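Visitor: Below are the sequence and a predicted model for it; my questions follow.
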Amino acid sequence: MSSEKSGIRGDLDLRDEVEKLKSGVDKAISELKCEIEDLKNALVELKSSLNEIENPFNLLSSLVSDEDFKKITAQAGAAEKEKVGPEKAEEKREEERVKEPHLLGAVLSEADYNTCISLIKWVWTLLDLGFDIDDIEKISRYCEFFSLLQKGSSHYISLIAPAVEKARALNLSDDVVALSIYGAAKASGAKVKIEDVTDLAFNALRKLISRPPESIGLKR
């Protein structure tokens, strides 16, 4: 009789543990969704910052008064017209409008999704080794100088480094960060293989499961 009660009690304890585990997994999945949403918002902010940085006059306008900024832009425009003439200035503007989409397409064809993710994982590794954001910028510039990185890429690596550092502070994995960029890659027309995305998803899930019980709301 006592052994039967013991068996029933054991079944109840096992059921409680299963319920706790299920609750912990549900909580972890909910937290993961929130973290991915935060990363999406961070990427939107990063894109906005990139748009601001790409135009040097935006930075200049934040450093000087409105009146001084108007004078500077007026002087710059006058100097350009005097240098190339009215007709040539118009031709130059037209050439730039035609060239910009072409250059964008070239960048997308040369730097595919895997290249982007590899650079993020590289930054992640450097942070794991103890390097800070300034160190990463210097290393990427060095690599770019010797053509180990695509020309101009060190600038954008230094911009994504703080976002990667934030993801590490949130206890996310590099695969979760990579997954959060998938939407942007798909929208831009970059080359993305479905098996690569599947591997990232499984790796992210595997790392989530291997996290300590305390991090997903379970007690040892």
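Guide: Noted; the coordinates are in hand. Residues are numbered from 1 along each chain as shown.
Visitor: So which helix or strand of the protein has the lowest pLDDT on average?
Guide: helix 56-63 (a mean of 49; mean pLDDT, DSSP states H and E).
Visitor: What backbone torsions are found at Ile181?
Guide: Phi and psi for Ile181, reported as degrees, to the nearest 10, are phi -90, psi -10.
Visitor: what's the closest non-adjacent residue to it?
Guide: Cys116 (6.6 Å; C-beta to C-beta, 6 or more residues apart in numbering). Just so you know, the C-beta spots here come from the backbone N, C-alpha and C atoms, and that holds for glycine as well.
Visitor: List the residues that contact the one you found.
Guide: By C-beta atoms under 8 Å, 6 or more residues apart in numbering, the residues touching Cys116 are 181, 185, 190.
Visitor: In what element of secondary structure is Ala187 found?
Guide: Assigned by DSSP states H and E, Ala187 falls within helix 182-188.
Visitor: Give the rounded mean pLDDT of that helix.
Guide: Averaging pLDDT along helix 182-188 yields 75.
Visitor: Likewise for stretch 139-158?
Guide: 91.
Visitor: per the record, what domains does this protein have?
Guide: Split into domains by automatic domain parsing, the chain comes to 59-107, 111-216.
Visitor: And those, which one averages the lowest pLDDT?
Guide: When I compare the domains of the chain, domain 59-107 is least confident, with a mean of 51.
Visitor: Quick check: Leu126 touching Ile136?
Guide: Yes: in this structure, Leu126 is within contact of Ile136 by C-beta atoms under 8 Å, at 5.2 Å.
Visitor: Pick out whichever of the two has more residues nearby.
Guide: Set Leu126 next to Ile136 and count neighbours by other C-beta atoms under 10 Å: Ile136 wins out with 22 against 19.
Visitor: Please verify my assumption that that one contacts Tyr156.
Guide: No: checked against C-beta under 8 Å, the pair Ile136 and Tyr156 is beyond contact range at 11.8 Å.
Visitor: Check the average confidence over the helix or strand Val25 falls within, would you?
Guide: For Val25, the element it lies in under DSSP H and E is helix 2-54. Mean per-residue pLDDT for helix 2-54: 70.
Visitor: going forward can the numbers begin at 451, since that is how I track them
Guide: Renumbered: residue one is now 451, and that last one reads helix 452-504.
Visitor: between the contacts of Cys566, which is nearest Asn491?
Guide: Ile631 (13.3 Å; C-beta to C-beta).
Visitor: Would you mind confirming that that closest one is in contact with Ser568?
Guide: No: assessed by C-beta under 8 Å, Ile631 is found out of contact with Ser568, at 11.9 Å.
Visitor: the more surrounded of the two?
Guide: Neighbour count, other C-beta under 10 Å: between Ile631 and Ser568, Ile631 has more, with 20 against 12.
Visitor: Report the contact partners of that one.
Guide: 493, 563, 566-567, 570.
Visitor: Nearest residue to Ala635 in space, please, no chain neighbours.
Guide: Nearest residue to Ala635 in three dimensions, chain neighbours excluded: Tyr563, at 4.4 Å (C-beta to C-beta, 6+ apart).
Visitor: Next: Leu599.
Guide: Using C-beta to C-beta, 6+ apart and skipping the chain neighbours, the partner closest in space to Leu599 is Cys593 (4.5 Å).
Visitor: and whichever strand or helix holds that neighbour, what other elements does it pack with?
Guide: If you go by DSSP H and E, Cys593 is part of helix 583-595. The contact analysis (3 or more C-beta pairs under 8 Å, 6 or more residues apart in numbering; DSSP states H and E) places helix 583-595 against helix 563-578, helix 603-619.
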